[in-house]
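Visitor: Sequence first, predicted coordinates after that:
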Amino acid sequence: MFFLSLSFFQVAGMDIKLTNNGYEPYHYMRDFIITNQVEADINYLLQTMKQIEFPQGELISDSSTCFKWMKKTSGQGGHYVYLQEYGIGKIMTLMDISEDWRNAIVTWYDYSGDEENFRKNSHAQIWPSVHNMLGMVFRYCLLEYDGLVIHASTLKWNGKGIMFSAPSGTGKSTHVKLWQDYIHDVKILNDDTPAVRIIEDRPYVFGTPWSGSEFLHSNDSAPLSAIVMLEQAKENQIFRLNNQQAINRLMPRVFLPYFDQNMMNKALSIYEKIIRSVPVYLLQCRPDREAVELVYRCLE
């Protein structure tokens with residue numbers, strides 16, 4: 001028997017309503033739940049089906065990517081995103097996104113009644129994929145609220161938001177953990193994809209529930225006071241980057257809507273405001289206390 005449950009959340013100042021068909025609780029966003037019902041900025045509907053038809057549209061993502069993106073060609077606007085079962089090809093999860101990025105229907109394959117091991121293995125992939133899909137909608141709806149999502153590990157210290165960004169595997173999370181070891185009053189806002197919004201001409205960084213495999217995040221925010229680009233090195237040294245250097249260094253770490261020129265123009269305008277408002281440093285470092293102290297002295 002099906003039943004609908006409603007949950008309300010607030011992430012980066014945006015109100016979200018999630019309607020679930022009741023198969024199981026949606027727990028990934030529990031730290032951001034609010035008790036009052038609101039007129040939501042984003043509406044998610046989660047549902048299951050025994051058979052999911054392939055969507056019709058223009059493939060706009062690389063065919064080798066895990067999540068496939070399609071632009072709707074029916075004239076109604078919007079996009080589809082789907083994930084296929086490895087080695088089988090049938091759709092495991094499908095998201096139907098409205099043109100304004102405010103509404104999304106996420107459908108996943110109902111494995112009830114299937115062979116047990118297959119069902120368990122497939123089901124273990126579904127909830128993380130659903131969560132990632134919801135994050136896709138969030139980050140592009142965020143553009144209308146003067147915000148971007150950036151691949152970075154971010155902490156709050158002394159009322160300041162400090163963002164550490166670099167390619168995966170460079171040591172962002174390690175550096176933030178060193179801050180927790182050596183500096184007092186440090187809170188991790190988000191260990192993977194924080195949101196940054198321009199509010200009254202000032203950038204603020206927010207924790208979000210999309211925070212990597214470790215789910216390290218806080219439902220908190222702070223004025224963004226510095227962006228530190230990390231680079232592994234044998235000696236510790238730090239430099240402040242000029243605006244052009246900062247733009248070039250950080251841009252690959254920003255989730256940009258390359259598939260839509262109007263959205264891209266909006267995103268680049270927000271990005272430029274962030275760079276011009278916040279000092280950006282290059283920290284060439286070892287994973288040790290001295291590297292932490294170099295940044296600390298810049299921000300005192």
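Guide: Good, I have the coordinates.
Visitor: So, low pLDDT: which residues of the protein?
Guide: Across the chain, the ranges flagged by pLDDT under 70 are 1-3, 22-25, 86-88, 117-123.
Visitor: I'd assumed residue 106 was in contact with residue 47.
Guide: Yes. Applying CB atoms under 8 Å as the test, residue 47 and residue 106 come out as touching, 7.3 Å apart. Every C-beta, even on glycine, is put in place using the N, C-alpha and C of the backbone.
Visitor: Between the two, tell me which one has more neighbours.
Guide: residue 106 (24 against 16; other CB atoms under 10 Å).
Visitor: Who are the packing partners of the host helix or strand of residue 189?
Guide: If you go by DSSP states H and E, residue 189 is part of strand 186-190. With contacts defined as 3 or more CB pairs under 8 Å, 6 or more residues apart in numbering; DSSP states H and E, strand 186-190 has these neighbours: strand 153-157, helix 172-182, strand 202-206.
Visitor: Run through the bridge partners of the closest residue to residue 58 other than its chain neighbours.
Guide: Here the nearest residue to residue 58 in space, its sequence neighbours aside, is residue 71; by CB to CB, 6 or more residues apart in numbering that works out to 4.7 Å. Assessed by DSSP bridges, residue 71 has beta-bridge partners residue 58, residue 79.
Visitor: Contact partners for residue 71?
Guide: 57-58, 60, 79, 259 (CB atoms under 8 Å, 6 or more residues apart in numbering).
Visitor: Throw the helices and strands packed on strand 186-190 into a markdown table and include mean neighbour count and distance to residue 53, thanks.
Guide: Shown next, in a markdown table, are the helices and strands packed on strand 186-190 (neighbours: other CB atoms under 10 Å; distance: least, CB to CB, whole Å):
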| stretch | mean neighbour count | distance to residue 53 |
| --- | --- | --- |
| strand 153-157 | 25 | 39 |
| helix 172-182 | 18 | 40 |
| strand 202-206 | 23 | 37 |
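Visitor: Quick one: closest of the ones you listed to residue 30.
Guide: Closest to residue 30 of those is strand 202-206 (CB to CB; 16.7 Å).
Visitor: what angle separates the very next helix or strand once past the closest one from strand 186-190?
Guide: Downstream of strand 202-206, the next assigned helix or strand under DSSP H and E is strand 221-232. Here strand 221-232 runs at an angle of 90 degrees relative to strand 186-190 (axes from the mean of the first three to the mean of the last three CA atoms, to 10 degrees).
Visitor: What residues sit buried inside the lengthiest helix in the chain?
Guide: Across the chain, the longest stretch assigned as helix under DSSP state H is helix 116-141. The neighbour-count check on helix 116-141 (16 or more other CB atoms under 10 Å) flags 122-123, 126-127, 129-141 as buried.
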